[in-house]
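In: coords please:
(chains A and B)
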Amino acid sequence: MAQGSLRFSVSTPFRDVWEAAEQAVRQLDGRVEADYNGRLIKGQVSGSLLSSGQRVVVTVGDLGIQTEVSIATETVGFQLLDWGQGRRIREKLRQDLMDYITDSPPVRATSLAGIPPRTGDRVADLANAPPPMTNPAYATNPTIAADSVSKFFGQKVAVSSVSVSFGPGITGLLGPNGAGKTTLLRMLSGMLVPSEGSVTVLGRNPRQDHEVYRDVGLVPEESSIYPSMTGREYVEYAATLAGFTKPRLAASRALHEVALEEDADRSLGGYSKGMRQRAKVAAALVHEPTVLLLDEPLNGTDPVQRAHLITAFRRLADSGHTVIVSSHVLQEVERMASRVIAMVDGRLAAAGDIHAIRRAMSDIPYRVTVAAEPARALARELMGEESVDGVTIAGSSLSIETNDLSALGTAVPALAHQLGVRVTGFSPDDESLESVFRYLVVGR
Amino acid sequence: MTATLAIMRVTAKNVLGMKRLIGFGILAIFPAGVFTLLARTATDINRAEGFTTMSMTMFLAVIVPIITIVVSASVLGSERRGNTLSFLMLRPLSRFSIAGAKLASAIVASFAITGIGAAVLGLVGSLALHDFGFLIALLAATLIGTAAYSAVYMPLGYLTERSTLIGFIYIFIWELAIAGAIQGLSGTSLLRIASSAFVGLAPDGLDIDVVDAMLGSLEAGAGGAVMKVAVLGAVSILFTGWLLRTRDLT
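Out: Reported below is the predicted structural model:
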């Protein structure tokens, strides 16, 4: 390990690695030394190392000098090559970081404000310094944040010490059923009181300050409709409660947004599940909230409605709204969100760019169910595909294990067309997704 | 329309379904029907006794509490069970104003039924006893009783799904049996708040024995009853608002 400086450039969606990296940076606190005209001075690091990353403020107490120092020499990075190797690399990386914390000498820096460096000194280059290390669980401009929140229902721990923040754009809250997504969303919206920790929405506590709901909209997972009302009355009621003086106008706008105008004067009790979902979305959008929390918003919607809603959510995100979408369907989130927070068993498992998580997860075979007639012919041809690891036939249903979902998605229709096979269904198995998520946690 | 009025309108519509309106409507006018049958052949003294009995021991003591408890308990309880609580609560409205709007809804919706019963019974009673003061007294006492029960059972309906059962136990075991038997407990009885207002407002002519049996140690008078109900209402709003602020909204 080179003496002089340490450069952390850890890019990982996995919580255990970023926690180790944060711990390493935290350990630097008070250990920065500066060489001032041949005199070694121990500096104190002030401010939050976690947020300032490599750029830390060093205050040299006895000289009254304060300067910024870039701590940089060694890059620690990793990439998951395959799942097994990725897991080993993660463990090694974590161990390396821990070793560094234990063994490394104090970091030295020689750039003090207004003082020219001596020949041979390593000068921190602040202008070209790498971007600060950021915890991927935290958004750059957070509008809504949870700080170490936990929720217990009796003996059951639904959410355990989750710290996360969300900013403008769409963030997917991903995880298998029972992962704690709904509980976290309910705490973020103020529906549930955290057993531990705190939640802030636009800097305010939603449990204490009801005015925050002028800027928050929630689409809950459960029904939450009044069956005797029409769709229009329902959305108008939401607008009236939000303080609109012309609720009918606002309701029409929101109903148009979710393409429900034609059926707006029908009773909600007679709506299909997809239409109810859209009515709920319209009621959540009617007051044009800055923060929109959506719990499984696409449940029960058909492909056309789904596409319409996704477009609407994207439009909101593009105009600077914070949109949080919870879903247990990876593909659904993938279509909407660039940033993902993954939860398993009530804990944060991974966060960050969806492609990084997606890459890591694609190393575990996906299980896909394909309904085809005749199934056997398709199965035989699929076995020759590189992307297919195995096929099981059960009647007219094929259970396919694949290492490349998108390649399989291309291969199936092409082969079906070639063989004259009729494909009536193609659905990634959620069990497979759940097992991947579990692996994220168990493999730590 | 303001948010408060909108909450009241939607709540009343939700808790007063057609089946409930018809069922409770028949229940509410039942004492008037019984009294009409009795009054046809009775003397004036018997009519007074019959009207007092029907008003105090049947209508105010049983019918008004049953209807009000069921309606009031569902004002917040149905929102909770129907998963619409988040729709209502995640709005820029103070929890206390929501609680106030819900209590007003409970009183209005309950009185829409109990008031009809009171009007019909009061009307036939007034005709039989030749004084429309009985009609006014019964309407006022019914409103006071409805408000008192609403104030207690609206938050209880939010807290537990068994509020109606608790309410019936309260009526038949506590109010009619225990508080009726032990004079010192009359003050804890919501029914007696309404009864004291009725006796205080009604013209002379009520049956004294029935009145004494119902009021126990309580003084008759509408002023005290109104004060008690006002306090109960304020406590109910504060307590419900506090519950909505501190408890999980599921």
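
In: Just give the number of residues close to the closest residue to residue B:44 other than its chain neighbours.
Out: Among residues not flanking residue B:44 along the chain, residue B:129 sits closest, at 7.6 Å (CB to CB, 6 or more residues apart in numbering or on different chains). The C-beta positions use only the backbone N, C-alpha and C, and glycine is treated the same way. For residue B:129, the neighbour count with other CB atoms under 10 Å in any protein chain shown is 21.

In: how does chain A divide up, domain by domain?
Out: Listed by automatic domain parsing, the domain ranges of chain A are A:15-109, A:144-358, A:363-442.

In: So which of those is nearest chain B?
Out: domain A:144-358 (4.0 Å; CB to the nearest CB).

In: how about the residues of chain B near chain A?
Out: By CB under 8 Å from any CB of the partner chain, the residues of chain B that approach chain A are B:1-3, B:6-7, B:10, B:13-14, B:82-84, B:86-95, B:245-250.

In: helix or strand for the spatially most central residue of chain B, which one?
Out: The centre of chain B sits closest to residue B:146, judged by CA atoms, centre = their mean, with a distance of 2.2 Å. With secondary structure defined by DSSP states H and E, residue B:146 is part of helix B:133-159.

In: what element comes up after that helix heading to the C-terminus?
Out: Proceeding N to C from helix B:133-159, the next assigned helix or strand is helix B:163-169, under DSSP H and E.

In: List the buried residues for that following helix?
Out: Buried residues in helix B:163-169, counted by 16 or more other CB atoms under 10 Å in any protein chain shown: B:163, B:164, B:166, B:167.

In: Helices of the stretch 251-400 of chain A, residue ranges please.
Out: Here the stretch 251-400 of chain A has its helices, by DSSP state H, counting those that start in this stretch, at A:273-285, A:303-318, A:330-336, A:354-362, A:375-382.

In: need the least confident one among these, by mean pLDDT.
Out: Mean pLDDT is lowest for helix A:354-362 among the helices of the stretch 251-400 of chain A, at a mean of 58.

In: Write out the residues of the stretch 51-200 of chain A neighbouring chain B.
Out: Counting by CB under 8 Å from any CB, the stretch 51-200 of chain A sits next to chain B at A:186, A:189, A:190, A:191, A:192, A:193.

In: So residue B:117 sits against residue B:28, correct?
Out: Yes: using CB atoms under 8 Å, residue B:117 is in contact with residue B:28, at 2.9 Å.

In: Could you name every residue contacting both of these two?
Out: B:63, B:67 (CB atoms under 8 Å, 6 or more residues apart in numbering or on different chains).

In: which SS state does residue A:218 fall under?
Out: strand (DSSP: H, G, I helix; E, B strand; the rest coil).

In: Give me the neighbour count for it.
Out: 26.

In: Was I right to think it contacts residue A:192?
Out: No: the criterion here is CB under 8 Å, and residue A:218 misses it with residue A:192 at 11.8 Å.

In: tell me which parts of the stretch 251-400 of chain A are close to chain B?
Out: residue A:283.

In: Tell me where chain B is predicted with low confidence.
Out: B:1, B:186-187, B:217-218 (pLDDT under 70).

In: Can you tell me which helices and strands the longest helix along chain B packs against?
Out: Across chain B, the longest stretch assigned as helix under DSSP state H is helix B:95-129. Judged by 3 or more CB pairs under 8 Å, 6 or more residues apart in numbering or on different chains; DSSP states H and E, helix B:95-129 is in contact with helix B:3-15, helix B:18-41, helix B:44-52, helix B:64-81, helix B:85-89, helix B:133-159, helix B:222-246.

In: What residues sit buried inside the second one?
Out: When burial is assessed from 16+ other CB under 10 Å, helix B:18-41 yields the following buried residues: B:20, B:24-25, B:27-32, B:34-36, B:38-39.

In: tell me which of these is nearest to chain A?
Out: The closest of those, once distances to chain A are taken by CB to the nearest CB, is residue B:20, at 12.6 Å.

In: Could you list the buried residues of stretch A:290-304?
Out: Buried-residue list, stretch A:290-304, by 16+ other CB under 10 Å: A:290, A:291, A:292, A:293, A:294, A:295, A:296, A:297, A:298, A:299, A:301.

In: what residues are up against the residue nearest to residue B:44?
Out: The contact partners of residue B:129, taken as CB under 8 Å, 6+ apart, are B:44, B:47, B:48, B:51, B:205.

In: Generate a ChimeraX selection restricted to the buried subset of those.
Out: Selection of buried members from these for ChimeraX, criterion 16+ other CB under 10 Å:
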select /B:47,48,51,205
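
In: Among the contacts of residue B:129, which pair sits farthest apart?
Out: By the measure CB to CB, B:44 and B:51 form the most distant pair in the contacts of residue B:129, at 10.5 Å.

In: Neighbours of residue A:148, how many?
Out: 12.

In: cool, and residue A:146?
Out: By other CB under 10 Å, neighbour count at residue A:146 equals 24.

In: just residue B:81 next, same as before
Out: For residue B:81, using other CB under 10 Å, the count is 12.

In: Could you provide the buried residues of helix B:18-41 in a markdown table, with additional columns for distance to residue A:170?
Out: A markdown table is the format used below for these (distance: CB to CB, whole Å):
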| residue | distance to residue A:170 |
| --- | --- |
| B:20 | 44 |
| B:24 | 49 |
| B:25 | 52 |
| B:27 | 54 |
| B:28 | 54 |
| B:29 | 58 |
| B:30 | 59 |
| B:31 | 62 |
| B:32 | 62 |
| B:34 | 66 |
| B:35 | 67 |
| B:36 | 68 |
| B:38 | 72 |
| B:39 | 72 |
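
In: ok, of those, which one's closest to residue A:239?
Out: Using CB to CB, those come closest to residue A:239 at residue B:20, 28.4 Å.

In: so what's that closest one up against?
Out: So residue B:20 contacts B:70, B:71 (CB under 8 Å, 6+ apart).

In: Over to residue B:94?
Out: So residue B:94 contacts A:210, B:241 (CB under 8 Å, 6+ apart).

In: hmm, which helix or strand of chain A has the shakiest average pLDDT?
Out: The weakest-scoring helix or strand in chain A, judged by mean pLDDT, DSSP states H and E, is helix A:49-52 (a mean of 29).

In: on that earlier part again, tell me what angle the longest helix of chain B forms with helix B:3-15.
Out: Put simply, helix B:95-129 runs at 60 degrees to helix B:3-15, going by axes from the mean of the first three to the mean of the last three CA atoms, to 10 degrees.

In: Pull the distance from helix B:95-129 to the chain's centre.
Out: 7 Å (CA atoms, centre = their mean, to the nearest Å).

In: Can you mark which positions in that helix are buried?
Out: For helix B:95-129, burial by neighbour count (16+ other CB under 10 Å) applies to B:95-126, B:128-129.

In: okay, the angle between that helix and helix B:64-81?
Out: Going by the same axes, to 10 degrees, helix B:95-129 makes 150 degrees with helix B:64-81.

In: any idea how far the residue nearest to residue B:44 lies from chain A?
Out: 42 Å (CB to the nearest CB, to the nearest Å).

In: Let me see the contact set for the residue nearest to the centre of chain B.
Out: Applying CB under 8 Å, 6+ apart to residue B:146 gives the contacts B:64, B:68, B:107, B:110, B:111, B:114, B:115.

In: Return the member of the residues you listed nearest to chain A.
Out: residue B:110 (19.0 Å).

In: Residue B:154: what's it in contact with?
Out: B:72, B:73, B:75, B:76, B:102, B:103, B:106, B:236, B:240.

In: and what of residue B:57?
Out: Residue B:57 touches B:210, B:214, counting by CB under 8 Å, 6+ apart.

In: Quick check: it is in a helix.
Out: Yes: Residue B:57: assigned to a helix according to three-state DSSP.

In: so how far is chain A from it?
Out: Plainly put, residue B:57 is 37 Å away from chain A if you go by CB to the nearest CB.

In: same question, residue B:195
Out: 36 Å.

In: If you tally nearby residues, what's the number for that residue?
Out: 28.
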